[in-house]
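Q: sequence plus predicted model, see below.
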Amino acid sequence: MPIEKIHARQIFDSRGNPTVEVEVTTEKGIFRAAVPSGASTGENEACELRDGGSDYMGKGVKKAVSNVTSKIGPALVGKDPADQQTIDKVMLDLDGTENKTNLGANAILGVSMACCRAGAAQKGISLYRHINELAGKPPMCMPVPCFNVINGGVHAGNYLAFQEFFLIPLGATTFAEAMKLGSETYHNLKSIIKKKYGLDSTAVGDEGGFAPAVNDAEEGLKLLLEAIDQAGHTGKILIGSDPASSEFWKGEEQKYDLDFKCKAPRPEQKKSREEMVALYKHFCDTYPIALLEDPFAEEDFEGHAQLTAIVGDKVEIVGDDLYCTNTKRVQMGLDKKATNAMLLKVNQIGSVTESIAAWKLCKDNKWGVFVSHRSGETEDTFIADLTVGLGTGHLKTGAPCRSERLSKYNQLLRIEEESGLKFCGKHFRQPWTLESSGGY
Ligand SMILES: O=C(O)[C@@H](CO)OP(=O)(O)O
Ligand SMILES: [Mg+2]
C-alpha cells in the first residue's frame, strides 16, 4: 500500500509560533505529524527552516511547507511507508546537505514521523511496536516520566538561571502510579509556592512548571523536597535538573553566570568550570539527584567529563546541546567519556531513522537515552511511542499540566493499558540494565 499523497500546512505550537504539520495518505487512511521547536537550541542542531521577513516575526514556515508539497511529496509518492530507512534516505539525498539546510529539518521530520505512523497502520500494529521493530526489537517497558515542575532559564520570566527541575517518581510500580505521584506533588508545590512567594509566583513557564522568584538553584531543589514531603511521597520521588548551561556560559570570560537574567548580578554567581563541578557535587551529595542534563556548555566536553568521573556511577549525566542527537557528536562524547547518557530530540537531527541510529550508538555503548519534548510543542504524541518502542526507560515532556505536555503522558497511559508492559523505574540508575527488567 504505497504512499498516495503528501500534504503539509502551517499550524501553531504552544508558544504561538508557526510550525509544520504533515499529512501522508495511503489506502489505510490519513496519517498526521506535527514538528516541535526549541528555545534553548544547540549550535549543532539540524536546520529549522524559517521564512524570515516581517510575517510572524520572521518565524513563518511557508518555505518548509512548500518543500514538503512540491519537492518531498513527489519523490515519495508510490514508496512503501513501512520502509522507514528508504523514506528517510530519499529525503536526505534530496536535501543533500549536512544540516538539512536545503529542505529544512522541520519539513523532513514532519514527513518522516507521518510516514512512520502510516507504516504502523500498514502493518496493522501500534506505532510503538512498529518503532520497536525498526529498532531491532529491543526490550520495551513503560518509562519513568520526568516532570519539569520548576521553570527558569530562557523558558521563564523569573531570575533563575537553571532551566528545569524534575520530579522523577522512581518509586512507582506502574506508569499510572507515576502520574499520580507527579500530579499530587505538582499541586502541593503550587500551594507551597503560593504561601512562600505569593500568588503571582504560581504563573507557569513554557513547559508548565512554576516560575517562582527563587534566589538560586538550591532554593529550587529545596522547594521540590518540601513538595514531595508534603504530598507524602518522600522516598518515592528522586529529582533531576537541566540547567541548560550553554545559555549562561560567557565564553569571553570563561565563566558560567548564574545571574545572567538578574538586574543586579552578584559577582560570586559567576563561576569557573571547577566551581561548577563543585556546586554539582554538593547538590548530588546533599539532595536525591538522579539526573543532570547539560550541566556544562555545549563545547565543554572537559567539564562534563570531570563531573561524570565524580558522580557518574550514581547520577545520569545527559548530553543535550552537547550532542544534538547527532551520532558524530555522540561519538566525540564517547571518546572523551563526557557523559553516560544522551538526550534524544527528534527535531535536533530531523528524521526517525537518524534518531534510531543515535539511540543505537548509545545503547551499544551502555549509555542511557533520555527522550525529550521541545519547549515549543504541539498536541503530537510521537515521542510517547518512540520512548516505549526504543525501551529507553525514561522521558521528559514537561509538567503534568498543559495539554501539549499531557498529550504525551496521556498517550503513555493508553499504551500502558493496551500493552501491559512493565514500568522500569527501578532500573533508572547506572548501570543501565533494561534487559533484566523483563520487558516486552
Ligand atoms: O533544553 C531542553 O532540554 C529543552 C526541552 O526541555 O528545551 P528547548 O526545547 O527550549 O531546547
Ligand atoms: Mg536540555
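A: Nice, I can see it. Ligands and ions are numbered 1, 2, ... in the order given.
Q: and the residue of this protein nearest ligand 2?
A: Nearest residue of the chain to ligand 2 (Cβ to the ion) works out as residue 320 at 3.5 Å. Heads up, the C-betas are built off the backbone N, CA and C, glycines and all.
Q: contact partners for the closest residue to that residue other than its chain neighbours?
A: Counting by Cβ to Cβ, 6 or more residues apart in numbering, residue 343 is the residue found nearest to residue 320 once chain neighbours are left out, at 3.9 Å. By Cβ atoms under 8 Å, 6 or more residues apart in numbering, the residues touching residue 343 are 293, 294, 318, 319, 320, 323, 325, 370, 371, 372.
Q: quick one, phi psi at residue 343?
A: Torsion angles at residue 343 (phi, psi; degrees, to the nearest 10) stand at phi -80, psi 140.
Q: so how far is residue 318 from it?
A: Separation of residue 343 from residue 318 (Cβ to Cβ, to the nearest Å): 5 Å.
Q: shared neighbours, the two?
A: By the contact definition Cβ under 8 Å, 6+ apart, residue 343 and residue 318 are jointly contacted by 293, 294, 370.
Q: dump these to CSV, plus distance to residue 138.
A: Output for those, formatted as CSV (distance: Cβ to Cβ, whole Å):
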residue, distance to residue 138
293, 22
294, 25
370, 15
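Q: which of those residues fall within strands?
A: In this view, the shared contacts of residue 343 and residue 318 that belong to strands under DSSP state E are 293, 370.
Q: at the geometric centre of this structure, which residue do we find?
A: The chain has residue 372 as the residue nearest its centroid, 1.5 Å off, counting by Cα atoms, centre = their mean.
Q: what about residue 44, which SS state?
A: Here residue 44 is coil, with the state taken from DSSP: H, G, I helix; E, B strand; the rest coil.
Q: for the nearest residue to it once chain neighbours are set aside, grab phi and psi.
A: Distances taken as Cβ to Cβ, 6+ apart place residue 324 nearest to residue 44, at 4.3 Å, with adjacent residues excluded. Reported as degrees, to the nearest 10, the phi and psi values for residue 324 are phi 50, psi 40.
Q: just the helices in the stretch 151-300 of the chain please.
A: 175-197, 217-230, 273-286 (DSSP state H, counting those that start in this stretch).
Q: in CSV: those, plus distance to ligand 1.
A: Shown next, in CSV, are the helices of the stretch 151-300 of the chain (distance: least, Cβ to the nearest ligand atom, whole Å):
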stretch, distance to ligand 1
helix 175-197, 16
helix 217-230, 15
helix 273-286, 17
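Q: pLDDT and distance to residue 43 for the contacts of residue 343 - can I get that in CSV?
A: Below are the contacts of residue 343 laid out as CSV (pLDDT from 0 to 100; distance: Cβ to Cβ, whole Å):
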residue, pLDDT, distance to residue 43
293, 98, 17
294, 98, 12
318, 97, 17
319, 98, 13
320, 98, 12
323, 98, 11
325, 98, 13
370, 96, 20
371, 98, 21
372, 98, 17
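Q: how about those residues, which pair is most distant?
A: Greatest spatial distance in the contacts of residue 343: 294 and 371, 15.4 Å, computed using Cβ to Cβ.
Q: one step back: of the contacts of residue 343, list those near ligand 1.
A: Filtering these for neighbours of ligand 1 using Cβ under 6 Å from any ligand atom leaves 320, 372.
Q: so what pLDDT did residue 135 get?
A: Here, the pLDDT recorded for residue 135 equals 98.
Q: need the contact list for it.
A: By Cβ under 8 Å, 6+ apart, the contact set of residue 135 is 356, 359, 360, 389, 390.
Q: recalculate using a threshold of 6 Å.
A: Contact analysis of residue 135 by Cβ atoms under 6 Å, 6 or more residues apart in numbering lists 356, 390.
Q: just the one 3 residues further on next, same as before
A: Under the criterion of Cβ under 6 Å, 6+ apart, the contact list for residue 138 reads residue 391.
Q: surely it forms part of a helix?
A: No. Counting by three-state DSSP, residue 138 is not part of a helix but coil.
Q: compile the helices of the stretch 151-300 of the chain into JSON lines and extend it with columns for distance to residue 55 and mean pLDDT.
A: Shown next, in JSON lines, are the helices of the stretch 151-300 of the chain (distance: least, Cβ to Cβ, whole Å; pLDDT from 0 to 100):
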{"stretch": "helix 175-197", "distance to residue 55": "37", "mean pLDDT": "97"}
{"stretch": "helix 217-230", "distance to residue 55": "38", "mean pLDDT": "97"}
{"stretch": "helix 273-286", "distance to residue 55": "41", "mean pLDDT": "97"}
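Q: distance to ligand 2 added to those, as CSV?
A: As requested, those are exported to CSV (distance: least, Cβ to the ion, whole Å):
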stretch, distance to ligand 2
helix 175-197, 19
helix 217-230, 15
helix 273-286, 15
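Q: nearest to residue 96, of those?
A: Nearest of the helices of the stretch 151-300 of the chain to residue 96, taken as Cβ to Cβ: helix 273-286 at 38.5 Å.
Q: bridged to the nearest residue to residue 148 once chain neighbours are set aside, which residues?
A: Once flanking residues are discounted, residue 148 sits nearest to residue 164: 4.4 Å by Cβ to Cβ, 6+ apart. Beta-bridge partners recorded for residue 164 (DSSP bridges): residue 151, residue 242.
Q: tell me how far residue 164 lies from residue 210.
A: The value you get for residue 164 to residue 210, if Cβ to Cβ is used, is 12 Å.
Q: just the strands in the stretch 301-440 of the chain please.
A: Counting by DSSP state E, counting those that start in this stretch, the stretch 301-440 of the chain has strands at residues 316-319, 341-344, 368-372, 394-396.
Q: any chance of JSON lines for those strands, columns distance to residue 405?
A: What follows is the strands of the stretch 301-440 of the chain, written out as JSON lines (distance: least, Cβ to Cβ, whole Å):
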{"stretch": "strand 316-319", "distance to residue 405": "19"}
{"stretch": "strand 341-344", "distance to residue 405": "17"}
{"stretch": "strand 368-372", "distance to residue 405": "12"}
{"stretch": "strand 394-396", "distance to residue 405": "10"}
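Q: among those, which is nearest residue 131?
A: Closest approach to residue 131 among the strands of the stretch 301-440 of the chain is made by strand 368-372 (11.2 Å; Cβ to Cβ).
Q: can you report how many residues lie near residue 358?
A: Neighbour count of residue 358, defined by other Cβ atoms under 10 Å: 25.
Q: how about it, what does it touch?
A: Residue 358 touches 325, 327, 330, counting by Cβ under 6 Å, 6+ apart.
Q: how about the nearest residue to it, chain neighbours excluded?
A: residue 325 is the one closest to residue 358 (Cβ to Cβ, 6+ apart), at 4.9 Å.
Q: residues of this structure that sit close to ligand 2?
A: Residues of the chain found near ligand 2 (Cβ under 5 Å from the ion) are 242, 244, 294, 320.
Q: now do 8 Å
A: Neighbours of ligand 2 within the chain, by Cβ under 8 Å from the ion: 40, 163, 164, 242, 244, 293, 294, 318, 320, 321, 343, 372.
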